[in-house]
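K.L.:
predicted structure and sequence below. I'll ask about it afterward.
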Amino acid sequence: MIPPSVVVVVGASSGIGRASALRFAERGDHLVLAARSRSALEDAAAECRARGAATVQVAVADVLDEVAVDEVVRLATGAHRHVDVVVYSAGVMGYGSVDAVPAEVFARVVDTAVHGTANVARAALPVFRAQGTGTLIVITSILASIPLPDMGAYITGKWGQLALARVLQLETRSAPGIHVCTVSPGAVDTPIYRTAANYVGRVGSPPAPVASADHIAAAVVRCADRPRRNVSVGWTNRPILAGFRLVPAVFDILAGPLMRRFALSKETVAPTSGNVLDTESGNDRAAAGY
């Protein structure tokens, strides 16, 4: 019988992170869940226990607080003496042109993707090296490989995050038991579009086809069991990437109109920093019902 894994999920309060925690719980794994909101974490933990998790611990942590991130990993090692998998799914989004998004909001979106990932890697990799094994899974995006207007902060962060993950893959080549993986989804049904900072005047919306958070979580669990450098989830990802790389002039012509037509809803919204600077209530769920 395979013993339960010890899994740390950073960004476990909603979206893909929460869905991934539930998938690991169903296997009977030991979980350590981290996010900014204690109430959302406790709700996620209760759901994980109901799904069959062996044990569940929660840790309130901002991914930009390096000490707090270290404490999350220490909580796992203190309870179980090792960590098998760390999933990084924390993320915030901002809509608006680069000159319209306030500098503080822009920096926070980028930093959550890049510096947050780096902080988690700095906490997890020394533990993996001491064990000789371990898998770090970073949730990136199709937007880590293409540009779109009015999403400059998020896309800048995701491009940087993917570059960082690629560097980490090179830096762990000498340790065959250690894996750094990326999971790159297309549009996903999560609350992030509505809780995003918004300076474009229209509420964001995931363009069809929209995958469920659970569908992405299933890919995360498969990656934990059979690590791969990159897992792309979504049948439209390849043609979108091909268009960007092979016919960039056409891509540039279409990017703006398609963004306005399919990635922004008709619902208007006043300028807001959303949950970028402060945790909002009401986003503590995996799906949003798109």
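P.N.:
Great, that's in hand.
K.L.:
got the contact list for the closest residue to Gly17 other than its chain neighbours?
P.N.:
Leaving aside its sequence neighbours, Gly17 sits nearest to Ser89 (CB to CB, 6 or more residues apart in numbering; 3.3 Å). All C-beta atoms are positioned from the backbone trio N, CA, C, and that covers glycine. Ser89 sits next to Val9, Val10, Gly11, Ala12, Gly15, Ile16, Gly17, Ser20, Ile139 when contact means CB atoms under 8 Å, 6 or more residues apart in numbering.
K.L.:
for the first one, grab phi and psi.
P.N.:
Per-residue torsions, Val9: phi -120, psi 110 (degrees, to the nearest 10).
K.L.:
burial count for Ala163?
P.N.:
Using other CB atoms under 10 Å, Ala163 is surrounded by 12 other residues.
K.L.:
got it, and the one 10 residues further on?
P.N.:
Other residues within reach of Arg173, judged by other CB under 10 Å, total 9.
K.L.:
where's it relative to Phe128, distance?
P.N.:
Distance, Arg173 to Phe128, using CB to CB, to the nearest Å: 13 Å.
K.L.:
equivalent analysis for Val180, please.
P.N.:
From Val180 across to Phe128, the span is 9 Å (CB to CB).
K.L.:
need the residues touching each of the two.
P.N.:
Leu136, Thr172.
K.L.:
between those two, who's got more neighbours?
P.N.:
Val180 (26 against 23).
K.L.:
who's in contact with the more buried one?
P.N.:
By CB under 8 Å, 6+ apart, Val180 lies in contact with Ala121, Thr135, Leu136, Val138, Ala165, Leu168, Gln169, Thr172, Arg229.
K.L.:
run the last query once more with 6 Å
P.N.:
Leu136, Ala165, Leu168, Gln169, Thr172 (CB atoms under 6 Å, 6 or more residues apart in numbering).
K.L.:
and the second one, how many neighbours?
P.N.:
Close neighbours of Ala165, defined as other CB under 10 Å, add up to 22.
K.L.:
the third one now?
P.N.:
The burial count assigned to Leu168 is 19, neighbours taken as other CB under 10 Å.
K.L.:
over to the fourth one?
P.N.:
A total of 17 residues lie near Gln169 under the criterion other CB under 10 Å.
K.L.:
how about the closest residue to it other than its chain neighbours, secondary structure?
P.N.:
Of all residues not flanking Gln169 in the chain, Val180 sits nearest, at 4.7 Å (CB to CB, 6+ apart). Secondary structure, DSSP: H, G, I helix; E, B strand; the rest coil: Val180 is strand.
K.L.:
what's the distance between Val180 and Ile137?
P.N.:
Going from Val180 to Ile137 by CB to CB gives 8 Å.
K.L.:
now do Val120
P.N.:
Val120 sits at a distance of 10 Å from Ile137 (criterion: CB to CB).
K.L.:
mind listing what Gly274 touches?
P.N.:
Going by CB under 6 Å, 6+ apart, the list of residues near Gly274 reads Thr195, Ala196, Ala197.
K.L.:
try 10 Å
P.N.:
92-95, 105, 109, 192-198, 204, 280, 283 (CB atoms under 10 Å, 6 or more residues apart in numbering).
K.L.:
which ones among the residues you listed are found in strands?
P.N.:
Gly94, Tyr95, Ala197, Asn198, Gly204 (DSSP state E).
K.L.:
can I get these in CSV with neighbour count and distance to Gly78?
P.N.:
Shown next, in CSV, are the ones in strands among the contacts of Gly274 (neighbours: other CB atoms under 10 Å; distance: CB to CB, whole Å):
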residue, neighbour count, distance to Gly78
Gly94, 28, 36
Tyr95, 27, 40
Ala197, 27, 36
Asn198, 27, 40
Gly204, 25, 40
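K.L.:
could you save those as TSV and add columns showing pLDDT and distance to Asp29?
P.N.:
What follows is the ones in strands among the contacts of Gly274, written out as TSV (pLDDT from 0 to 100; distance: CB to CB, whole Å):
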residue	pLDDT	distance to Asp29
Gly94	97	33
Tyr95	98	35
Ala197	97	34
Asn198	98	36
Gly204	95	33
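K.L.:
of those residues, which is the nearest to Gln161?
P.N.:
Distances from Gln161 to the ones in strands among the contacts of Gly274, taken as CB to CB, are shortest for Gly94 (14.8 Å).
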